[in-house]
Each structure stands twice: as C-alpha cells, then as structure tokens.
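*Asks:* curious how this folds, go ahead:
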Amino acid sequence: MQRLLLLAALLLTPALTYACTCAGPGPVCSAPSPSEVILRGRVVQQTLISPPDESVENVDGSASAIHSPGYYRVRLSVLEMFAGELRTQEIDILTNEQSSACGFSFVTGSEYIVFASTNQQTNELWTSHCTRTHELEPGKEDADVSWLRGLAALPRVATIYGTVFPVAGSTGPNPLVTIDLRGSQSRSAVPDQNGRYAFPNLSPGDYTVSAVMPTGFAIEESRSVTLVEKGCSQIDFRPRYDGHIRGVVTDSDGRALPEIFMALQRRDSNSATGFTEIDLKNTGFDGRYDFAPIPPGDYLVSANHLGPSLTRPYPRFYYGNTESDADAVTIHLVASGTADNIDVRLPNAWKAVPVHARVLRPDGTPAIGADVYAYDLKYLYSGDPPRANADAQGRATLSLYEDRAYYLVSTISGGTQQRCAGPLKFVAREGVTLSAITIEHNWGNCLAQLDSEFQPPR
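*Replies:* The predicted structure is shown next:
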C-alpha cells in the first residue's frame, strides 16, 4: 500500500510525465487495507483534465505551444462496495492520461473492479495499471470479485506464502532452502518440490521473512511485511550462484586507484555491441572490486569502462592489460566459483592540455552560452565527455588529452528546438586554437552526421 500511495502522490502533478515502472499488483488477498477503496462499478463518464498550454520561445525566435499530459476524472456508478466508505451512488476515480505514467484506460459503459488509494494531500482517489484494477467480462465469474464477496466469512488470520525459484542457469534440483519467519509468531518451512512454501493462520502484525541457503549460493535479503486481518503477502525468492570475480586496479606505479568504473561483460553475438553487461561498479578506496554474485560463464573485465574523463586520464583497459577487447583475457568461472587476483594495471596517465574553441551563430555573432563538447574518436558515446560553455565572445577552453583525436561539436537549445555545430575533427595540442564552428544544423546531435544512413530532419 505504501508503494501505491507514493505512486498516487507522484502522479498528482498532471504537467509532468513519468515513465511507468512498477512490480505489478500483488495477490487480491494483499489488497484490502484501511487506506484503500475497492469497488465494482460501471463507467458513466470520463473527463480529461489538461493543464493549460505553455508558450515557449524557440532558438529561431518563433514560439511553440507545449501541451503537457493530464489526467482523467472517471465517474463510476457503484454497483458493489468491498472496502472504503460509500457516501454517494457515484464516485470519481482519477488516473493519468498516459499509460507511460501508469494511467489505466477505462471504457465508458464497461464494468470494472477498481482498486484505488486516497491521495493524502487532495483526498482524491487514484488508480493505475500497477493495481489490480481491471475490466469485468459480462456473464463471467471474476476470481477477485468472488474472493472479495467471501471476505467477511474468512477467519481473522493472515497468510504469507511464496515460491523459491530454481537457481538461474542451473539444470539440477534446487539446493536445500529453509524459509524463516520472525515476528508475532516464528516459524520455519522447507519449500516443496515445486519451490512453494506457506505460513497460514498468522496473527496480524509485523513479520520478517528470510531464506537460508547453503554455502555457494546467494539470495535476496530478508523482507519485512505488515499483515492485516484476512490479508496475505506473497514473498518470492530467486537464489543465485554465489560466484565472485575480484581484483585490484592500480596505476602504472602500482598505486591503488579508487572510484574506477568497472564492467563485467559476456560476449553476445545477439547484442548490437557484441557484449552483454553482467555487472557494473566502482573500485573501493583501496582500488579493489568484487563482482558478485554472478553465475558460471566466460567473462571479460574492463577498468575505466566509460573511457577518459577529467578525473580519469586513462583509456578503457581490459584484464590482460590491453585496450583491445579482442586481446583481453577471458575469465572462466565455474558454478559458485571465485576468480581472485583479476588485477588491472592502467597505463601511464595521459597529459591534459588546454584547447581553445569558438562557436558562432549563423549570422556570425557569438553563440553565447552554447554547450561545447569534445568527443574522443574512440569514445564517441562516452557519458562524460569534456565540455564547456561559450562565453560572451563565443569562446570556450577545453581540457583535453594531448595527441588524442577528437570531434568538436556544440549545441544550443531554446523552446522546443535544438541546433548544433560541427563536428570538427582535430588532434589535441597544447594551447591550439581551433577554427570556429557555426550553429547551422537544425538538429541537436551533430555527431549523427557520422552515420552514413543519417537523414537530416526537414
């Protein structure tokens, strides 16, 4: 319920759009609670509530109207009330307009079972497709409705149940697992041959559920849950092989390097990049890293995976001490195995030098405030390229690495438009002043022109 209330609070602002991510609704027996309204009803009216359009000035001086998504006020005729207080025969439920913001799509005239939560600030009821709200098929018995109708006759106890799934990548039986329950009552259970377990007839209250695994396996941490009368909680566990690949990253003098971004990859011919990333993390203060828990397989380890930045004057470097993934040493890891001393020693730090750039508008005036970037040719998709802002003369100074080849680009934004300049290819030399680049393309990413299939927008 806390998750649902939080979601409703986030969705309260119709002018913003959120990507909808939710674990999905729990079982119907986990739904009833004092903060929730559950009803069966028929949609009689829907009203779209939209925020006013916002006028913005574009880069070229024109104006555009920004239309933000809103939300629907859905009026239902209440046919049956399962939870909450019925004050009138009709009730309003709010849901976001866009499915990307978890909005639920209602059809006027159709009948629904609705699970809604009260927004504590506005006292309005919200629902989403993260709940068990769903359309009812005419003439067909609905399992949720049947359970809710029988709720009053159920004993005043609760249940925790779930499944321990097979170990990922394993073809054999699951290792012996014990499920421990601690709280108002304490119990233990061993899952059946299908991995299922249950703790029935529990008193309402707070509980902690944990799975105990033998050495060589890892599993999620314990979970806490609050049970209400006649309620339930589904808690599943997914054990994994407790494999480790670990080592230390140092500079050319053997000093440990903290905060170096590490990647654990597996070659994958079906991936666009040829790799699947299994784990990502930074080295610790002592330069050490530990990828865990990971399944058996063949892996590559790379240090400084995103490439050079102002604070990391090194290339991407693979275990085997090479910049080339083709020459990297493959690490074979057996089930629940440990590969130690997978150390990476980075080459000599590169020398940073100042490079001067200038960005102009199409009319030759300075592109004041334009974002200026330099992309290393070997790291065009770096998430942390060198950047600066153009000053009142359109000038910017970038700190780059000597003798490295770069593309210089610049972007300026305003309203709904982006414009770009470049790319200008150059080699970084200390104090060099580059030719001016002009904001002349009506798209935001000038590096896109490097793609032979790029089609400029009209």
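*Asks:* show me where the chain dips below the pLDDT cut-off.
*Replies:* Where the chain drops to pLDDT under 70, the residues are 1-19, 24, 32-35, 171-173.
*Asks:* now do the same contact list for the closest residue to Asn389 other than its chain neighbours.
*Replies:* Counting by C-beta to C-beta, 6 or more residues apart in numbering, Asn389 lies nearest to Gly369, which is 5.8 Å off, once chain neighbours are set aside. (Glycine included, C-beta is placed from N, CA and C.) Residues in contact with Gly369 (C-beta atoms under 8 Å, 6 or more residues apart in numbering) are Asn389, Ala390, Ile412.
*Asks:* ok, now Ala396?
*Replies:* Contacts for Ala396 were tallied using C-beta under 8 Å, 6+ apart; they are His356, Ala357, Arg358, Val359, Ala370, Val372, Ala388, Asn389, Ala390.
*Asks:* what pairs with the second one across the strands?
*Replies:* According to DSSP bridges, Ala396 are recorded as the beta-bridge partners of Ala357.
*Asks:* Asp384 versus that one, what's the distance?
*Replies:* Noted for Ala357: a distance of 18 Å to Asp384, by C-beta to C-beta, to the nearest Å.
*Asks:* those two: which has the busier surroundings?
*Replies:* Just comparing Ala357 and Asp384: by other C-beta atoms under 10 Å the higher neighbour count belongs to Ala357, 27 against 14.
*Asks:* go ahead and confirm that one touches Tyr373.
*Replies:* No: with contacts counted by C-beta atoms under 8 Å, Ala357 stays clear of Tyr373, the gap being 9.7 Å.
*Asks:* wait, isn't Val409 in contact with Tyr375?
*Replies:* Yes: Val409 is in contact with Tyr375 according to C-beta under 8 Å; the separation is 7.0 Å.
*Asks:* which one of these two has more residues nearby?
*Replies:* Taking neighbours as other C-beta under 10 Å, Val409 and Tyr375 compare with Val409 leading, 26 against 22.
*Asks:* let me know the helix or strand that the more buried one is in.
*Replies:* Per DSSP states H and E: Val409 is located in strand 405-414.
*Asks:* now the following helix or strand past that strand, how far from the centre of its chain.
*Replies:* Counting by DSSP H and E, the next helix or strand C-terminal to strand 405-414 is strand 417-427. On the basis of C-alpha atoms, centre = their mean, to the nearest Å, strand 417-427 sits 30 Å off its chain's mean C-alpha point.
*Asks:* which parts of strand 417-427 are buried?
*Replies:* If you call a residue buried by 16 or more other C-beta atoms under 10 Å, then strand 417-427 has these buried ones: Gln417, Gln418, Arg419, Cys420, Ala421, Gly422, Pro423, Leu424, Phe426.
*Asks:* quick check, nearest of those residues to Thr338?
*Replies:* Nearest to Thr338, judged by C-beta to C-beta, of the buried residues of strand 417-427 is Pro423 at 45.4 Å.
*Asks:* specify the beta-bridge partners of the nearest residue to Gly103 once chain neighbours are set aside.
*Replies:* Closest residue to Gly103 in three dimensions, ignoring its sequence neighbours and counting by C-beta to C-beta, 6+ apart: Asn96, at 3.4 Å. Note on Asn96: beta-bridge partners by DSSP bridges are Tyr71.
*Asks:* and Asn96, how far is that from Glu111?
*Replies:* Applying C-beta to C-beta, the value for Asn96 to Glu111 is 21 Å.
*Asks:* with Asp325 instead?
*Replies:* For Asp325 relative to Glu111 (C-beta to C-beta), the value is 57 Å.
*Asks:* distance to Arg267 for the buried residues of strand 417-427 - can I get that in CSV?
*Replies:* Output for these, formatted as CSV (distance: C-beta to C-beta, whole Å):
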residue, distance to Arg267
Gln417, 41
Gln418, 36
Arg419, 40
Cys420, 35
Ala421, 38
Gly422, 34
Pro423, 31
Leu424, 35
Phe426, 34
